[in-house]
Each structure stands twice: as C-alpha cells, then as structure tokens.
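>>> let's see this in three dimensions:
(one chain, ligands or ions: 1)
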Amino acid sequence: MQHFRLIPLLLLVACGAPQVQIAVTPPQPIRRCLLLTTNDSESNFDGAERGADGKLTYTYPLARIAAAKKAALAARPGGVLLLEGGDVLQGRFLERQDGDRAKAAADNWPLYEAAGYDFGVLGNHEFDNGPKVVRRALQGLHQFRLLAANVDGAGTALDPADPGHPQGLFAATALVECGGIKIGLFGLLTPSTRTISDLGDVKLKPLQETTQASLTALRQQGAETIVLLSHLGVDDDKQLAQAIPGIDVIVGGHSHTKLEHAVRVEHNNRLAPTWITQTGARFERLGRMDLAVDADGHVLDATTYALELPQAHVPDPGIVAATDKLLAELVPEKVIGKRDYAWDVMDIAHSQYAVRASRAVAQYAARVSKHHVDGGLLNTGGFRSHTIYPPGPVTNLEVSAIHPFRNRVVLVTLTGQQLKDVLEHACGHAQNLEHGANSIVWGVQVRCDVARTPARYKYVDNKPVAIEAHGDRAQDVTVAGQPLALGKKYTIATLDYLARGGSSYLPLQLGEHQCLDGKAFKADDKTACGETALLSDVISEAVTAGELDRP
Ligand SMILES: [Zn+2]
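Okay, here's the model as predicted:
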C-alpha cells in the first residue's frame with residue numbers, strides 16, 4: 001500500500017507544488033494474551049472417579065492441563081498465562097497415611113508449579129489447617145505466585161517476609177508481560193474465610209478499598225490490562241465489578257460456577273466493561289480466553305472465552321508420575337456405607353446431617369461409657385469441607401474431609417444452670433452476637449429469643465474466664481421432653497476441644513469432665529482421653545451401621 005501513496009507525492013514535488021505533510025499513523029497491532037484458567041481445583045490431581053461397578057478410574061486432569069499450557073506456549077512463546085482461582089489445599093491429596101497435613105499441603109502447590117501455573121489466589125480452604133500450614137506450603141513455591149491483596153499477614157504466622165523469598169511468600173499484586181501486554185494482577189480472598197475456616201490472627205482488609213488501592217498501584221506501575229483473581233464467588237464478583245470500574249477480567253472461584261460464557265458487566269460511563277469467568281471446580285473444565293487488547297490495553301474481545309475438557313489433551317507424563325508418587329502416600333479411599341439424603345456441610349446450622357452427627361456422638365458415648373447421656377453437642381466449626389454431598393456411597397475420605405480435626409469424644413456433666421449457659425452461648429453471647437446457633441445439639445430443645453439479654457463474660461487476653469451475667473436468650477429448654485431443672489445434673493457428649501473451652505465454650509469448660517473409660521480429667525490436661533475414639537471414627541462407624549440414615 002505504501003508505494004501507491006508515495007507516487008503522487010513524488011509527482012507533486014517534481015512539479016514544484018507546495019509540499020503537503022500527511023501524518024500516517026501506522027495501525028496499532030492487536031496484542032493477545034491467552035489466559036488458561038481453573039478454580040477450586042482442590043488438588044484433584046488424579047481425577048479419580050468411581051464407576052457404577054465401584055471401581056476407580058484416573059483421568060489425571062492436572063497432567064492434561066500441563067500439556068495444554070505447554071502446547072499453547074510452544075505456539076505462542078511469552079503469550080500464555082495459567083491461572084488458578086483458589087481453593088487448592090483441600091480434598092483427597094491432604095489425606096496422607098501418616099496424617100501429616102502440613103506435609104501434604106507442602107506437596108500440593110509445587111505440583112501446580114511443575115504443571116506451569118503462573119498465578120493463583122489464596123482460597124478459604126487453604127486456611128482449613130491454620131495459617132502455619134499455608135506458610136509452610138508457600139515456602140515450597142518459586143515460580144507459581146499466590147496473590148491476596150486483602151490478606152494482612154504482617155506480624156502473624158502468615159507474615160509474607162521469608163528469607164528464601166526476597167519478593168515475599170505471597171503478594172497483593174503482580175505485573176507481568178504476556179503477548180506484549182503489561183497485565184496487572186491482584187487477588188482477593190472471601191471475607192467468609194473468617195467464619196468458615198481458620199485464619200488465626202491473620203487479618204482481612206475491606207474489599208472495595210483494597211480493590212481501589214490495587215487498581216491505582218497497578219496502573220501507576222504501568223499495567224494496561226487488569227485481571228482480578230477472585231476467590232469471592234460469582235455474585236460478589238458482579239457486585240464488586242459494578243461498584244469499582246476498571247477491572248478488565250475477573251478469573252473467579254469459590255461458588256463453583258460453570259460459566260459457559262464470560263459475564264459482561266457494563267459500567268454506566270465510558271469505561272471498558274468487566275468480564276467475569278469461572279470454570280466449575282476440581283479441574284472438570286479448563287477456561288480459555290484469548291484476550292485481545294487495543295493500544296490502550298482495553299479488552300477488545302472476551303467473547304473468545306470458552307470452557308474445554310482437560311481430556312482434550314494428552315497427559316504430561318512427568319506430572320502423571322509426580323501424581324502417582326503422591327497418590328502412593330495417601331490413605332486409600334474406600335466406600336464405608338451410604339447416605340439416603342444430601343449431607344449439607346454448607347449450612348451447618350440447619351443441616352440434618354449435623355444434628356444426626358450429634359446424635360451419633362451421644363449414642364456412641366452412651367454405649368461405650370455405659371453412662372446415661374442426655375444429649376450430644378458439636379460446634380459448627382467442627383464441620384469442614386463446605387459442600388453438599390449428594391445421596392450415594394459414602395467414603396472414608398469424605399468423612400475425614402468433613403471432620404479433619406483429631407478431636408475426641410468425651411462426657412461433660414453440668415448443672416441445669418450450666419447447661420442453660422451452654423445454650424445461651426449457642427444463642428449468641430455478648431461478644432459473639434453475630435455467630436448465633438454455633439452449637440449443634442441433639443437431645444436438648446431450645447428456642448433462642450435474640451431480643452432478650454445475652455450472657456456477659458469476663459475476658460482476659462481475649463479468652464473468656466468467667467460468666468459475669470447469665471443470659472436470658474435460651475427459652476423453653478427441655479431435655480428428653482422435660483423442662484430443664486436448674487438444680488439437676490445432666491451429662492452431654494461432646495468433643496475434648498469444646499470441653500477444654502475451645503471456641504469460647506467457657507460454660508462447657510466449667511463442667512465435670514470424663515473420658516469414655518470413666519477417667520475424670522481437668523480442662524487444662526491436653527493429653528487426657530488419648531485412647532478415646534476420634535469424632536471422624538465415630539461418624540464412620542455410624543455411617544457403616546446406617547445410623548445417619550435413620551430419622
Ligand atoms: Zn472457596
């Protein structure tokens with residue numbers, strides 16, 4: 001084209017006519033970066049599936065995703081990013097035969113790194129075993145960068161400072177060049193992590209302020225296109241995108257939503273829209289978005305986003321071998337019984353499974369101790385894995401995922417007043433009003449009237465040490481159908497953790513404690529009842545006996 005334009009100009013010059021200056025701006029090439037994405041992959045490295053015949057088959061989805069990244073990178077060097085939307089440290093690959101969850105966690109992220117993952121975000125499940133385990137796992141990473149702009153670990157077990165990682169163990173934001181585009185990334189962790197997992201003393205910063213600050217910082221560093229790795233869930237993603245314009249793409253997670261098309265969030269000014277993606281969970285799909293941007297870094301076309309089956313790729317043999325090596329160290333999965341109804345391990349306070357688990361604990365304790373037991377009490381925090389299990393076979397690993405802690409079943413004998421104090425705690429005490437109904441009780445009925453006065457505790461160093469005033473919220477209390485008698489004694493089966501006053505269960509700490517073999521123990525004796533069954537064993541036994549299917 002160029003020489004056709006030159007010829008008339010030369011003619012004009014030759015004729016001595018005045019020179020005409022024509023500024024021809026060369027068209028800016030469209031730049032592209034291929035985003036490959038997963039979320040909530042829960043270390044489902046082997047993709048084990050149990051067929052109708054009960055046999056397990058392995059699809060090795062991570063090894064297939066590694067192959068997809070390798071092939072994409074070969075076709076487009078420097079133009080591919082592999083991203084994970086959070087919730088990695090969960091599921092099968094945390095169940096080692098030696099029970100060492102910290103080691104299991106430390107083995108997990110490096111496999112993502114080996115598969116070619118570039119960036120990820122911390123999810124709530126990463127914290128299921130506390131921030132120390134997250135720290136140890138992060139220490140094994142060198143290329144795969146975890147981002148979490150709203151996580152403030154300074155001075156805690158998750159302080160990002162680490163001698164082996166000059167750039168920090170994890171970061172708020174990152175700037176990377178992909179296909180010639182300067183891409184700014186930041187990560188956000190769901191604030192619900194505070195209640196559904198164990199953040200310890202790690203603090204969370206407010207979402208909108210953190211988002212605004214991250215956008216400003218990234219733009220100042222020269223980011224043209226902004227990608228948010230979000231472990232918030234798709235509804236919160238939409239809200240955030242609407243509230244804070246300027247995010248180009250959200251690689252989402254947490255809600256396990258399989259978005260076949262990217263969701264477009266328009267802004268009512270002239271800013272570019274935000275595109276939200278999510279791929280389901282457990283490596284079932286790989287998200288692929290060929291991000292095309294204009295000269296200003298605005299996303300031109302996000303409609304290329306599509307989900308594909310990892311099965312479309314031949315597994316990378318190195319990742320298969322690494323998966324098999326880890327698999328050999330795990331507890332083998334086996335079917336231990338069945339469930340006739342869905343186990344809701346998301347809404348514990350209203351879960352039929354949770355009440356029946358409390359009943360199983362009470363009945364087990366009565367059978368083994370030969371002691372009269374009036375009721376069973378578990379706390380909502382003792383139920384993990386945050387999912388709904390459909391009716392069907394139950395495996396040993398499902399039970400240990402729901403009850404991962406090594407808590408033992410014990411007996412606590414309380415006066416009627418002390419039992420009422422326990423129920424006041426369940427109805428929400430003065431320091432804990434937002435967390436009402438955090439006890440799952442079987443055998444005891446209570447109506448919580450939150451308009452009435454809550455109990456008041458005396459605190460020392462954030463720990464309750466005495467009840468200053470009994471509450472009045474636990475109303476119409478009955479035990480085995482009879483009204484509670486304040487002077488009478490009642491025996492409750494519960495966990496040693498709660499009997500020692502864990503989760504601020506001071507009223508349980510104040511009762512008389514005994515192991516199921518009849519030995520009394522003091523609340524501060526950490527080694528007592530070592531011979532007693534773990535909660536996960538009691539539940540497993542109840543599953544096998546079909547007790548949890550009984551109304
Ligand atoms: Zn999550």
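>>> settle this for me: residue 338 is touching residue 545, isn't it.
No. Assessed by C-beta atoms under 8 Å, residue 338 is found out of contact with residue 545, at 11.6 Å. From N, CA and C alone the C-beta is placed, and that goes for glycine too.
>>> now the residue of the chain found nearest the ion: closest residue in space, sequence neighbours ignored.
Closest approach between the chain and the ion, counting by C-beta to the ion: residue 254, at 3.8 Å. Of all residues not flanking residue 254 in the chain, residue 233 sits nearest, at 4.3 Å (C-beta to C-beta, 6 or more residues apart in numbering).
>>> residues in contact with the one you found?
Counting by C-beta atoms under 8 Å, 6 or more residues apart in numbering, residue 233 touches 190, 252-255, 257.
>>> buried members of the residues you listed into PyMOL, please.
In PyMOL, this line selects whichever of the contacts of residue 233 come out buried by 16 or more other C-beta atoms under 10 Å:
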select buried, resi 190+252+253+254+255+257
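>>> a markdown table for the contacts of residue 233, including secondary structure and pLDDT?
Output for the contacts of residue 233, formatted as a markdown table (DSSP: H, G, I helix; E, B strand; the rest coil; pLDDT from 0 to 100):
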| residue | secondary structure | pLDDT |
| --- | --- | --- |
| 190 | coil | 95 |
| 252 | coil | 98 |
| 253 | coil | 97 |
| 254 | coil | 93 |
| 255 | coil | 91 |
| 257 | coil | 95 |
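>>> so can I have JSON lines of the contacts of residue 233 showing distance to residue 419?
Output for the contacts of residue 233, formatted as JSON lines (distance: C-beta to C-beta, whole Å):
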{"residue": "190", "distance to residue 419": "35"}
{"residue": "252", "distance to residue 419": "45"}
{"residue": "253", "distance to residue 419": "42"}
{"residue": "254", "distance to residue 419": "38"}
{"residue": "255", "distance to residue 419": "39"}
{"residue": "257", "distance to residue 419": "43"}
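>>> would you map the helices across this structure?
According to DSSP state H, the chain carries its helices in the segments 2-14, 61-75, 101-114, 131-138, 193-196, 207-220, 234-243, 317-327, 352-369, 396-402, 416-426, 496-499, 506-509, 535-544.
>>> can you tell me which of those helices the model trusts least?
With a mean of 36, helix 2-14 has the lowest mean pLDDT of the helices of the chain.
>>> which intervals of the stretch 451-551 of the chain have sub-threshold pLDDT?
462 (pLDDT under 70).
>>> residues in it within reach of the ion, list them.
By the rule C-beta under 5 Å from the ion, no part of the stretch 451-551 of the chain lies against the ion.
>>> what's the answer for the chain, then?
Counting by C-beta under 5 Å from the ion, the chain sits next to the ion at 87, 123-124, 254.
>>> what do you get if the cut-off is 8 Å, keeping everything else the same?
The chain comes close to the ion at residues 40, 86-87, 123-125, 190, 231, 233, 253-254, 386, as judged by C-beta under 8 Å from the ion.
>>> dump the helices of the chain to a markdown table, plus distance to residue 457 and mean neighbour count.
Below are the helices of the chain laid out as a markdown table (distance: least, C-beta to C-beta, whole Å; neighbours: other C-beta atoms under 10 Å):
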| stretch | distance to residue 457 | mean neighbour count |
| --- | --- | --- |
| helix 2-14 | 82 | 10 |
| helix 61-75 | 47 | 21 |
| helix 101-114 | 32 | 20 |
| helix 131-138 | 26 | 22 |
| helix 193-196 | 19 | 18 |
| helix 207-220 | 31 | 17 |
| helix 234-243 | 33 | 18 |
| helix 317-327 | 45 | 16 |
| helix 352-369 | 24 | 21 |
| helix 396-402 | 30 | 22 |
| helix 416-426 | 9 | 24 |
| helix 496-499 | 16 | 24 |
| helix 506-509 | 6 | 24 |
| helix 535-544 | 26 | 21 |
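>>> out of the ones you listed, which is closest to residue 390?
Nearest to residue 390, of all the helices of the chain, is helix 396-402, at 11.1 Å by C-beta to C-beta.
>>> give me the contact list for the closest one.
Under C-beta under 8 Å, 6+ apart, the answer for helix 396-402 is 90-92, 94-95, 331, 333-334, 336, 343, 345, 383-385, 389, 536, 539-540, 543.
>>> just the buried ones from the residues you listed?
90-92, 94-95, 336, 343, 345, 383-385, 389, 536, 539-540, 543.
>>> in TSV, list the helices of the chain along with distance to residue 378.
Converted to TSV, the helices of the chain look like this (distance: least, C-beta to C-beta, whole Å):
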stretch	distance to residue 378
helix 2-14	77
helix 61-75	34
helix 101-114	21
helix 131-138	23
helix 193-196	16
helix 207-220	31
helix 234-243	29
helix 317-327	31
helix 352-369	5
helix 396-402	11
helix 416-426	11
helix 496-499	8
helix 506-509	12
helix 535-544	8
